[in-house]
Structures are given as C-alpha cells and as structure tokens.
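[1] structure, please.
(2 chains)
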Protein chains: 2
Amino acid sequence: MTQLLRVQNFNVSSDGIGAGAAEDQSLESPFGLPDPGELFAWAGATASWPMRSEPGGSRGLDDYFTRDFAHNIGAEIMGRNKFGPLRGPWQDEEWKGWWGDEPPFHTPVFVMTHHKRPSFTLSDTTFHFVDGDPAAVLAQAREAAQGKDVRLGGGVTTVREFLEADLVDTMHVAVSPQVRLGSGIRLWESPDELRDRFHLEVVPSPSGVMHHLFWRK
Amino acid sequence: MTQLLRVQNFNVSSDGIGAGAAEDQSLESPFGLPDPGELFAWAGATASWPMRSEPGGSRGLDDYFTRDFAHNIGAEIMGRNKFGPLRGPWQDEEWKGWWGDEPPFHTPVFVMTHHKRPSFTLSDTTFHFVDGDPAAVLAQAREAAQGKDVRLGGGVTTVREFLEADLVDTMHVAVSPQVRLGSGIRLWESPDELRDRFHLEVVPSPSGVMHHLFWRK
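    Numbers count the residues shown, from 1 in each chain, chains lettered A, B, ... in the order given. Down below sits the predicted model:
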C-alpha cells in the first residue's frame, strides 16, 4: 500500500494567497489576515467540522472534504509558523500551539524548525521538533504513520517547499473566488503552474468555493 | 454522536433505474441488467475502488466518494435480492453471496428475509438473516454498529422501503446521464420527489456522472 503525502483542505484567496506576511502573524492573528474566517467559512458550515459546537451543518459536497481530513492519516508535517508566531530560538517551552489541550490532529505531528526542543504530548497528539530537508522530515513522518498516509498541514511556505522537492502526491486546495487579498504569502500565481506534474480537477461547490484536486501524473 | 443511516455510492440510470426486473436477476446477472458496469464505471476508475487489481486510478472528485464508502460505517443492511438471486425458503445454505471469501463489507451485514437461516462469517464480515420491518432491522444494525453509522446497501426496493419509512438520514446517488434503461426497478421518477424532506445538492463530476447528495431537513 502506497503511503501518500496529502495536502488536505488548504484554503487560499482568488489570487492564491493563504496567509498574511510573516510579520503580520501574532498571537491574536494566527494567519496574519484581517479576516481568515472568510477563507474557511465553507468548512465551518459542514456537519463534520471538528470544532463545531452545535449540531446541524451541511452534509453536501463540502462535508466530504471536511470528513476526509483525518481519513487514513497517520502523521502530520507542519512548518514552524503554523505551530506558532514565535521566531528564532525557543525563549521558553510554554507555547504549545494554538489548539488548546485537545489538538485536532490525533497523530504524531512533526514541526519543522532549526531550533531544538523536546517532544511533548497533548491528549492523543504528540509534537516532535525536527530539523532537516523535506525528504528527511517526510521519511520520519512516514515511519511514525505506520503505513498510513502523511498530511502536509502547511503553512503556505511549507507546502511550496514540498512541491518544489516534488514530494506531494495529492493536494486539495479550496479557492474562495469572492476573497481577493492582494498581498501576503502566495501558494501560486495560478493553479495551472502545476499542470505539468499533476492532474487537476476543478469542482465548483454549491457553497461558492472552488475545490481544486491535484494528483500526481 | 448521532448514528446515521446512509446510502452510499448507489447507482442509477438517467431514468432512475438501478436494477433489472427481479425475474431477470440470475447467477450470471446479479443486477439483471445487460451491462451493469456502465452504471458504476465512474467508481471503478478511481484509485480507492476496493476491487482494483492494478495500481493507478483517479484521485479526483469521484475518489472522495469511493473512499468514503466504509468511513465510519459499523454495519450494513441489505435486501435479500442484493444478497443473491434465490427466492423463497433456502434450499440449502451453500449460497454465501456474490463476493467470495473476502466480502468488501468488513462489518456485520443484516440481510432482510422472511426465511430463517443461521448467521455465518467470511473473513471479517458476518451475515445475519433477519425478519422484521425496516425500523426493527435498523435497531438491530445500530446496536451491532457500536456507535458508528449504518449503511443501507440496497437494492432499489430496499432503499425505497427505508425512504418510505422515513429512516434514511443521508443518501448519495450517482446518476449516469448517458445510460437510459427504459425498464427495470426504479428508485424514483425524479430526484425532486425527495426535496420536501431532504436538502439536495447535484454535483456534476468531471467523469460525467452526476452525484446527487441528499441529507435530511
């Protein structure tokens, strides 16, 4: 059984931007964007959204994407800027991510950083801090995933690094056509850039978002 | 956590027909149709199709539907005509379904029949033979599913019975617009018949099939 590296439910604006500039990220603004919620409103409206606090929500097309998020995933890789707004050496080890005592990953998570830090566990998620190039980090994550797939969680810069190293097998990007950001960290100028290496299906959802589904040729 | 009753990957022609007439079903023709493969070709082309014998296959939209088939499913309910072409009392107990030694269900399966027969197990699938109305059979399947959802596997007549009893929570039907059968067992005259009780999203797939996604209002 092939172990895939999968990007799942990654959100960008109509102009391909997934986060604000690094200097705009802060404790109050994990995405460095004035209103990041407008990029993932489609997911928040579904019945399977893990942070849903009330019953209800759509079970239409978008729900297939939210409920596939954890399906057959055995580990996640993320960049340091997804883990937190801190830069440089760890000042202390109090910061444990944005997600509280019950992170939504439920697998080992590999945080890419040049600065060492001991692993720690919150509920059923263990965070490891790893240095190394994308291929080396992927090898560690694959071993931890015990035969299951590995999710590449972002942020934008991390996804680009793995695309450049040609390590991504499948990628789902939800584009919000009504959101134009103008500046920030860009995933692409156009999704067509990836057509030489990937099949691409563009699926308009009744919610308005455009699901972009890539898989390796 | 709600335990849903879900119809998944159910295939019909453009005129709403999912199987040939009951008298056309035989050992050689499980669906009683001259070419049933044309109704599920879209699923067979995907990477996650469980009967796939070679690597490859699409990982686009249709693959989300094939890989969701077993996701969070703890039991299946099927009609006797899905289980086999035999009618009336069991002549012997040699017939064990169409699926060989490794049935693709991997959960308890409840076969609705008025004719008693002992349960048996093939690999990780146990078949139980149960009499009773849809609500009573659903109660048994829910208990066996241990908190997970129950899949309603068909055939067409069984799906209609559960719809009439208002027991179905979500339903995915793939309509093949290019296949017109004219006669056979009909799921509906039009999907619009269900709009009073269900939300409906109609999602055209790049493969040509039209995914119909229903969920209870």
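
[2] what about the residue nearest the centre of chain A, distance to chain B?
    The centroid of chain A falls nearest to A:Gly153 when counting by Cα atoms, centre = their mean (2.8 Å). Look at A:Gly153 and chain B: by Cβ to the nearest Cβ, to the nearest Å, they are 19 Å apart. (Glycine included, C-beta is placed from N, CA and C.)

[3] next up, the contacts around that residue.
    A:Glu76, A:Ile77, A:Met78, A:Lys82, A:Val109 (Cβ atoms under 8 Å, 6 or more residues apart in numbering or on different chains).

[4] what's the local residue count around the closest residue to A:Phe83 other than its chain neighbours?
    Excluding its sequence neighbours, the residue lying closest to A:Phe83 (Cβ to Cβ, 6 or more residues apart in numbering or on different chains) is A:Val111, at 4.7 Å. Other residues near A:Val111 come to 22 when the count uses other Cβ atoms under 10 Å in any protein chain shown.

[5] try the one 10 residues further on
    Neighbour count of A:Thr121, defined by other Cβ under 10 Å: 11.

[6] for it, what are phi and psi?
    The phi and psi values for A:Thr121, taken as degrees, to the nearest 10, are phi -120, psi 130.

[7] I'd like the contacts of A:Gly153 as TSV, with secondary structure, neighbour count and distance to B:Pro34 appended.
    Shown next, in TSV, are these (DSSP: H, G, I helix; E, B strand; the rest coil; neighbours: other Cβ atoms under 10 Å in any protein chain shown; distance: Cβ to Cβ, whole Å):
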residue	secondary structure	neighbour count	distance to B:Pro34
A:Glu76	strand	28	48
A:Ile77	strand	28	49
A:Met78	strand	20	52
A:Lys82	helix	23	54
A:Val109	strand	26	52
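
[8] please produce JSON lines containing the residues you listed, extended by pLDDT.
    Output for the contacts of A:Gly153, formatted as JSON lines (pLDDT from 0 to 100):
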{"residue": "A:Glu76", "pLDDT": "98"}
{"residue": "A:Ile77", "pLDDT": "98"}
{"residue": "A:Met78", "pLDDT": "98"}
{"residue": "A:Lys82", "pLDDT": "93"}
{"residue": "A:Val109", "pLDDT": "98"}
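
[9] for the longest strand that chain A contains, enumerate the helices and strands it packs against.
    Looking across chain A with DSSP state E, the single longest strand is strand A:5-13. Applying 3 or more Cβ pairs under 8 Å, 6 or more residues apart in numbering or on different chains; DSSP states H and E, one finds that strand A:5-13 contacts strand A:17-19, helix A:37-44, helix A:61-68, strand A:149-152, helix A:156-164, strand A:170-176.

[10] give the rounded mean pLDDT of it.
    In this model, strand A:5-13 has a mean pLDDT of 97.

[11] next one: that strand to chain centre, how far?
    6 Å (Cα atoms, centre = their mean, to the nearest Å).

[12] contact partners of that strand?
    Strand A:5-13 is contacted from outside by A:18, A:39-40, A:43, A:65-66, A:68-69, A:73, A:138, A:149-152, A:154, A:156, A:159, A:162, A:167-176, A:179-181, A:184, A:187-188, using Cβ under 8 Å, 6+ apart.

[13] which of those are buried? Put it as a PyMOL command.
    To isolate the buried ones among these in PyMOL, judged by 16 or more other Cβ atoms under 10 Å in any protein chain shown, type:
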select buried, chain A and resi 18+39+40+43+65+66+68+69+73+138+149+150+151+152+154+156+159+162+167+168+169+170+171+172+173+174+175+176+179+181+184+187+188
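
[14] burial measure for A:Asp124, as a count.
    A total of 11 residues lie near A:Asp124 under the criterion other Cβ under 10 Å.

[15] who are the neighbours in contact with it?
    Shown in contact with A:Asp124 (Cβ under 8 Å, 6+ apart): A:His106, A:Thr107.

[16] if I pick A:Trp97, what's in contact with it?
    Just so we're on the same page, residue A:97 is Gly rather than Trp. A:Phe83, A:Gly84, A:Pro103, A:Leu122, A:Phe127.

[17] so which of the residues you listed would you say is closest to chain B?
    Of all the contacts of A:Gly97, the one with the least separation from chain B (Cβ to the nearest Cβ) is A:Pro103, at 19.8 Å.

[18] ok, that closest one - contacts?
    So A:Pro103 contacts A:Gly97, A:Val109, A:Leu122, A:Ser123, A:Thr125 (Cβ under 8 Å, 6+ apart).

[19] how near is it to A:Leu27?
    17 Å (Cβ to Cβ, to the nearest Å).

[20] for the nearest residue to A:Phe120 once chain neighbours are set aside, name its beta-bridge partners.
    Leaving aside its sequence neighbours, A:Phe120 sits nearest to A:Phe127 (Cβ to Cβ, 6+ apart; 5.8 Å). Beta-bridge pairing for A:Phe127 (DSSP bridges): A:Val109, A:Phe120.

[21] surely A:Phe127 meets A:Thr113?
    No. In this structure, A:Phe127 is not within contact of A:Thr113 by Cβ atoms under 8 Å, at 10.6 Å.

[22] how about the contacts made by the nearest residue to A:Gln3 once chain neighbours are set aside?
    Using Cβ to Cβ, 6+ apart and skipping residues adjacent in sequence, the residue nearest A:Gln3 is A:Arg142, 5.3 Å away. Contacts for A:Arg142 were tallied using Cβ under 8 Å, 6+ apart; they are A:Gln3, A:Ala75, A:Val150.

[23] count of residues packed around the second one?
    Using other Cβ under 10 Å, the number of residues around A:Ala75 comes to 24.

[24] for chain A, give me the ranges with low pLDDT.
    Where chain A drops to pLDDT under 70, the residues are A:1.

[25] what residues does the helix or strand hosting the residue nearest to A:Phe83 touch?
    Assigned by DSSP states H and E, A:Val111 belongs to strand A:108-112. Residues outside strand A:108-112 that contact it (Cβ under 8 Å, 6+ apart): A:74-80, A:82-83, A:103, A:125-132, A:137, A:140-141, A:144-145, A:153, A:158.

[26] state the distance from the closest residue to A:Ser123 other than its chain neighbours to B:Leu86.
    Spatial nearest neighbour of A:Ser123, chain neighbours left out: A:Glu102 (4.9 Å); criterion: Cβ to Cβ, 6+ apart. Distance, A:Glu102 to B:Leu86, by Cβ to Cβ: 51 Å.

[27] with A:Glu23 instead?
    72 Å.

[28] ok, the two, which is more surrounded?
    Under the criterion of other Cβ under 10 Å, the comparison of A:Glu23 against B:Leu86 puts B:Leu86 first, with 16 against 8.
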